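Trainee: sequence below, structure please.
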Amino acid sequence: MKLQKIDHVNLVVNDLQRSCEFYHQVLGMKVLKLPHHRFALKFGRQKINLFTFEQAQSLVGFASHSKPGTANLCFL
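Mentor: Model (predicted):
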């Protein structure tokens, strides 16, 4: 298998609002509001999905021990 790129990153955070403000104001990323009180960050062709601990626990494929500050990558 030859990897082509990182498709997206999922990041577990303590506070969605504060995280969005930081990534937007400090790093200039675009904040995308998604359905079901979800948020993503865009910069260039990259995307970071933000989840609270509670949201991460309800997602299939997320490790059951995900904690704020942990992340997972999706490769193509």
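Trainee: tell me how far the least confident helix or strand in the chain by mean pLDDT lies from the chain's centre.
Mentor: The weakest-scoring helix or strand in the chain, judged by mean pLDDT, DSSP states H and E, is strand 71-75 (a mean of 77). Offset of strand 71-75 from its chain centre (CA atoms, centre = their mean, to the nearest Å): 9 Å.
Trainee: buried sites along it?
Mentor: Asn72 (16 or more other CB atoms under 10 Å). In this view, the C-beta of every residue, glycine as well, is placed from N, C-alpha and C.
Trainee: quick one: list the elements packing against it.
Mentor: strand 6-13 (3 or more CB pairs under 8 Å, 6 or more residues apart in numbering; DSSP states H and E).
Trainee: quick one: strands adjacent to the strand it packs on?
Mentor: strand 46-52 (parallel), strand 71-75 (antiparallel) (DSSP bridges).
Trainee: centre-most residue in the chain?
Mentor: Asn49 (2.3 Å; CA atoms, centre = their mean).
Trainee: how far away is that one from Leu59?
Mentor: Using CB to CB, to the nearest Å, we find Asn49 at a distance of 10 Å from Leu59.
Trainee: same question for Ala71.
Mentor: On the measure of CB to CB, Ala71 and Leu59 end up 13 Å apart.
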